[in-house]
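Got a predicted model here, sequence first, then my questions.
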Amino acid sequence: MNFTPSDWAAIRLTLELATLATALLILFGTPVAWWLAHTKSRLKPLVTSLVAMPLVLPPSVIGFYLLVFMGPNGPLGHLTQSLGLGTLPFTFTGLLVASCIYSTPFVVQPLHNAFEAIDDRMYEAAATLRAGPIDRFFSVAVPLAKPGFLTAAVLGFAHTVGEFGVVLMIGGNIPDKTRVVSVQIYDYVEALEYGEAHRLAAVMLIFAFVVLFLLYTFNPTRKKAA
Amino acid sequence: MIEADFTLSLPGFELEARLELPIHGVTALFGPSGSGKSTLLRCLAGLSRPQRGRLVVNGEVWQDEGCFLPPHKRPVGMVFQDAALFPHLNVRQNLDYGAGRAKRGGKTKNVPKADDLIDLLGIGHLLDRRTGMLSGGEKQRVAIARALFSSPELLLLDEPLAALDGARKGELLLYLDQLHRQLDIPVVYVSHAPEEVARLADHIVQLKEGRVQNFGPVMGIFPYLQQPQTHEEGVFTLLAGTIELHDSNDHLTQVSVGEHRLWVRYIDRPVGSPMRLRLLARDVSLSLDPGARESSILNTLRAEVAGVEETAPGRALVRLALRDGPELLSRITTRSARNLKLEIGQTIYAQIKGVAPLE
């Protein structure tokens, strides 16, 4: 494949974005999923709905509100400006924040299902074998939810790689900063450079298929966990 | 000594139990389903938290007003009905889970020797297996070993036989019996099956609708716990005996119960071994005449009538006192009772048609 330097930059940026977003989502999504799986709070339907919102909203709507929210007159914009950080739209950080929000359900839902599928007896047995709450989480919940973690990471990563609408709304099209592969393809098509578009689009197509194929091949217990 | 006093309200159920359990031997929590025996066990383990409660084990306060020791800080071993082995670990790793944590917690007393325990429970060949590949009986044996590996001061068993079929039940009972004899750890055992209790328990706590109805050593009070009206056919007496001698010609074994001797079918255990005997009330007939020589009956005991109770129309349950202690129950018809003119204190001969050794 003879990619242009700007293609390579877009690929590198996309992988960087997806890796960081996945790591952040696992880090912050796990406690949310754990809470959802165990809470008896009346807030549960509210949180579940919020988490699922990106599934049903058009990316342009999410992108629009994030743009307003993070913009110079938005609440988060005010905060970042007063901290001397400038505003987030049209920066890599802004893109990362948006990606995390956009991909949240793809990480939280598999984790939530995986945690919920674990029999409470496992924790009780662990407790009577002298394992404290944190110990129980890492020695029982995490290994038993491993298929859920794998699914969450793969879907979170793949979904971030594949996003387009949100990026366009708040990231724009700045080379090396916010121009990810999906936007690069869009640019090629706009410029009627179909050959270049094909190269990148084929890579995305193969990537998506291989990722899903591996996931469903090597994660057979997923069905049980979900 | 374990002193417990729990009050726990759940929707549709209330547990109000106050009891003192001995710290030796097997105590059975016995009662129908829904009587609160499992809940009581969970309160002992700290898995359920009663609204009001006090629990003192060997002088250590585990729970009192403003104090609740969480389950992972209580030196208990618990065996669940369905074993609850960790599916992501193999057998050896399951065993090590509690052992390692107990060691790090500095609790090393009561540690049974690992190899002995593995031998005793017959799980040596299973150590490298995944838990999903085990049979029900094997799972329970691993679960028992896992609980004991955490060097508990108290072993709690929640109907460990309930999920097993008949043959596996008998097999696990054998293992439990051996454990009971070889380890000096108090056991609290939840069961609704009189046969299990008869076989294993030293003490019994009878629960009904969340309340303690009876408590005492199993030999004495057991016959009265079975509610003769409801278990018309199955009422039995339990006797604790010792193997006295074997008669290999006739394939019989003699068991002594106090000063009394009973012949039972041959039991492959050395002379001197303890042996419990179960005598169904309906297998005990009464006669005024000791001359059972011309009869197929092998065992005739001299007794005094201690009570007669009509438990169903036409059916009577007779309590018989043997010399030096144990009591027997005999189920006869009220007509027979009338014909024999049974009176309290009267001497009578109990002809025992069948004795089941509980091995």
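That came through fine.

Not counting sequence-adjacent ones, nearest residue to the residue of chain A found nearest chain B?
Going by CB to the nearest CB, chain B is nearest to A:Leu129 of chain A, at 3.3 Å. Heads up, the C-betas are built off the backbone N, CA and C, glycines and all. Excluding the flanking residues, the one nearest A:Leu129 by CB to CB, 6 or more residues apart in numbering or on different chains is B:Gly98, at 3.3 Å.

again, but for B:Arg302
In this structure, B:Arg302 finds its nearest non-sequential neighbour in B:Tyr349, 5.9 Å apart by CB to CB, 6+ apart.

So what sits opposite the one you found in the bridge?
Here B:Tyr349 sits in beta bridges with B:Ser287, B:Arg302, going by DSSP bridges.

That one touches B:Leu288, doesn't it?
Yes. Using CB atoms under 8 Å, B:Tyr349 makes contact with B:Leu288 at a distance of 7.2 Å.

hmm, back to that, count of residues packed around the residue nearest to B:Arg302?
Other residues lying near B:Tyr349 total 18 when counted by other CB atoms under 10 Å in any protein chain shown.

Pull up the gap between it and B:Val284, please.
Per CB to CB, to the nearest Å, B:Tyr349 is found 10 Å from B:Val284.

if we can go back for a sec, enumerate every residue touching the residue of chain A closest to chain B.
The contact partners of A:Leu129, by CB atoms under 8 Å, 6 or more residues apart in numbering or on different chains, come to B:72, B:77, B:97-98, B:101-102, B:146-147, B:150.

okay if I get the residues you listed as CSV plus pLDDT?
Output for the contacts of A:Leu129, formatted as CSV (pLDDT from 0 to 100):
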residue, pLDDT
B:His72, 94
B:Gly77, 93
B:Tyr97, 94
B:Gly98, 88
B:Arg101, 88
B:Ala102, 85
B:Arg146, 94
B:Ala147, 93
B:Ser150, 89
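
among these, which are in strands?
Under the assignment DSSP state E, the contacts of A:Leu129 contribute B:Gly77 to strands.

Dump the contacts of A:Leu129 to JSON lines, plus neighbour count.
Rendered in JSON lines, the data for the contacts of A:Leu129 read as follows (neighbours: other CB atoms under 10 Å in any protein chain shown):
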{"residue": "B:His72", "neighbour count": "18"}
{"residue": "B:Gly77", "neighbour count": "29"}
{"residue": "B:Tyr97", "neighbour count": "23"}
{"residue": "B:Gly98", "neighbour count": "25"}
{"residue": "B:Arg101", "neighbour count": "20"}
{"residue": "B:Ala102", "neighbour count": "21"}
{"residue": "B:Arg146", "neighbour count": "29"}
{"residue": "B:Ala147", "neighbour count": "24"}
{"residue": "B:Ser150", "neighbour count": "27"}
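
Report the two of the contacts of A:Leu129 separated the most.
B:His72 and B:Arg146 (14.8 Å; CB to CB).

Correct me if wrong: B:Leu95 contacts B:Phe149.
Yes. Using CB under 8 Å, B:Leu95 is in contact with B:Phe149, at 5.1 Å.

Now for the two: what residues contact both?
What both B:Leu95 and B:Phe149 touch, as defined by CB under 8 Å, 6+ apart, is the set B:Ala114.

Model confidence for A:Met122, exactly?
For A:Met122, the model assigns a pLDDT of 96.

what's the answer for A:Pro147, then?
92.

So which elements touch the lengthiest helix in chain B?
Across chain B, the longest stretch assigned as helix under DSSP state H is helix B:166-182. Counting contacts by 3 or more CB pairs under 8 Å, 6 or more residues apart in numbering or on different chains; DSSP states H and E, helix B:166-182 is packed against helix B:114-120, helix B:136-149, helix B:194-200.

and the helix or strand harbouring A:Val211, which residues are buried?
Per DSSP states H and E: A:Val211 is located in helix A:194-218. Going by neighbour count (16 or more other CB atoms under 10 Å in any protein chain shown), the buried part of helix A:194-218 is A:196-197, A:199-201, A:203-204, A:215.

How far does it sit from its chain's centre?
18 Å (CA atoms, centre = their mean, to the nearest Å).

Could you do stretch B:62-69 as well?
Using CA atoms, centre = their mean, the offset of stretch B:62-69 from its chain centre is 30 Å.

Please see if it touches chain A.
No. On the criterion CB under 8 Å from any CB of the partner chain, stretch B:62-69 is out of touch with chain A, staying 11.5 Å away.

Please state the mean pLDDT value computed over that stretch.
Stretch B:62-69 carries an average pLDDT of 92.

got any ranges where the chain has weak pLDDT?
Reading this off chain A. Within chain A, the segments meeting pLDDT under 70 span A:1, A:220-226.

that's the wrong chain, I wanted chain B
B:106-112, B:220-233, B:291-293.

got the phi/psi numbers for B:Arg282?
When quoted as degrees, to the nearest 10, the phi and psi of B:Arg282 stand at phi -70, psi -10.

and it, how many neighbours does it have?
Number of residues near B:Arg282 (other CB under 10 Å) recorded here: 19.

any idea how far it is from B:Phe236?
Going from B:Arg282 to B:Phe236 by CB to CB gives 9 Å.

just B:Leu148 next, same as before
Here the criterion is CB to CB. By it, B:Leu148 lies 31 Å from B:Phe236.

What helix or strand is the nearest residue to A:Gln184 once chain neighbours are set aside located in?
The shortest distance from A:Gln184 to any non-neighbouring residue, by CB to CB, 6+ apart, is to A:Ala10 (4.1 Å). Per DSSP H and E: A:Ala10 is located in helix A:5-38.

quick one on the thing from earlier: name all residues that make contact with the residue nearest to A:Leu129.
A:128-130, B:77, B:146-147, B:149-150.

Using TSV, please lay out the residues you listed together with distance to A:Leu24.
Shown next, in TSV, are the contacts of B:Gly98 (distance: CB to CB, whole Å):
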residue	distance to A:Leu24
A:Thr128	36
A:Leu129	34
A:Arg130	34
B:Gly77	41
B:Arg146	38
B:Ala147	41
B:Phe149	40
B:Ser150	38
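
The stretch 151-300 of chain B against chain A: which residues are in contact?
By CB under 8 Å from any CB, the residues of the stretch 151-300 of chain B that approach chain A are B:Leu156.

which residue sits closest to the residue of the stretch 151-300 of chain B found nearest chain A, ignoring its sequence neighbours?
Of all residues in the stretch 151-300 of chain B, the one sitting closest to chain A is B:Leu156 (7.8 Å; CB to the nearest CB). Using CB to CB, 6+ apart and skipping residues adjacent in sequence, the residue nearest B:Leu156 is B:Met78, 4.6 Å away.
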